[in-house]
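Colleague: Test case, fold it:
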Amino acid sequence: MSTVLVIDDEKGILQILRQALTKFGHNVETAADGQEGIRKFDDGSFDIVITDIRMPGIDGNGVVNHIRKSEKQSIPVIAISGTPWLMDSSAFDMVLAKPFPLKKLVECIGSLVPVPPRAAVGA
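Modeller: Model (predicted):
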């Protein structure tokens with residue numbers, strides 16, 4: 001499936017999202033803050049980024065602003081936040097307020113990341 005970068009300063013959230021998204025067939029890379037997330041984004045190849053908004057240092061708004069100014073600006077970004085009023089939602093492709101059902105996150109990823117067509121049998 002897709003390769004996902006999850007950025008959140010709460011270790012528990014990172015573990016839960018990694019386990020859940022991996023179970024649904026996604027390759028998951030995690031970052032414990034915005035600075036690490038930006039470094040991994042710049043160095044890696046991701047189909048989608050999921051970022052918390054409120055983090056020390058570079059927050060989720062800073063992460064999405066960096067992505068939108070990069071050569072990979074078309075990568076979808078989902079914001080997850082317990083404080084959605086602290087964000088400029090226009091830069092994000094989707095916003096989920098914490099807590100949210102994991103099924104909803106999986107559905108959001110599916111709607112933002114196109115599934116490549118399967119190769120024809122015998123091709």
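Colleague: ranges for the strands of this structure?
Modeller: 3-7, 27-31, 48-52, 77-81, 94-97 (DSSP state E).
Colleague: Let me see the mean pLDDT of the shortest one.
Modeller: Read it as strand 94-97. Across strand 94-97, the average pLDDT comes to 92.
Colleague: That one packs against which elements?
Modeller: Applying 3 or more CB pairs under 8 Å, 6 or more residues apart in numbering; DSSP states H and E, one finds that strand 94-97 contacts strand 77-81, helix 102-112. No exception for glycine: its C-beta is placed from N, CA and C like everyone else's.
Colleague: Just name the most buried of the ones you listed.
Modeller: Sort the helices and strands packed on strand 94-97 by mean neighbour count, taking mean count of other CB atoms under 10 Å, and strand 77-81 sits at the top with a mean of 23.
Colleague: Just checking: what are the partner strands of it?
Modeller: Strand 77-81 sits in its sheet next to strand 48-52 (parallel), strand 94-97 (parallel), going by DSSP bridges.
Colleague: With distance to residue 3 as added columns, please give these in JSON lines.
Modeller: What follows is those, written out as JSON lines (distance: least, CB to CB, whole Å):
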{"stretch": "strand 48-52", "distance to residue 3": "8"}
{"stretch": "strand 94-97", "distance to residue 3": "18"}
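Colleague: Report the mean confidence score over stretch 1-15.
Modeller: The model assigns stretch 1-15 a mean pLDDT of 95.
Colleague: Can you check the distance spanned by that stretch, start to finish?
Modeller: Start-to-end span of stretch 1-15 (CA to CA, to the nearest Å) is 19 Å.
Colleague: for it, which positions count as buried?
Modeller: With burial defined by 16 or more other CB atoms under 10 Å, the residues of stretch 1-15 counted as buried are 2, 4-9, 13-14.
Colleague: can you check stretch 50-70 too?
Modeller: By neighbour count with 16+ other CB under 10 Å, stretch 50-70 contains the buried residues 50-53, 55, 58-64, 66-67.
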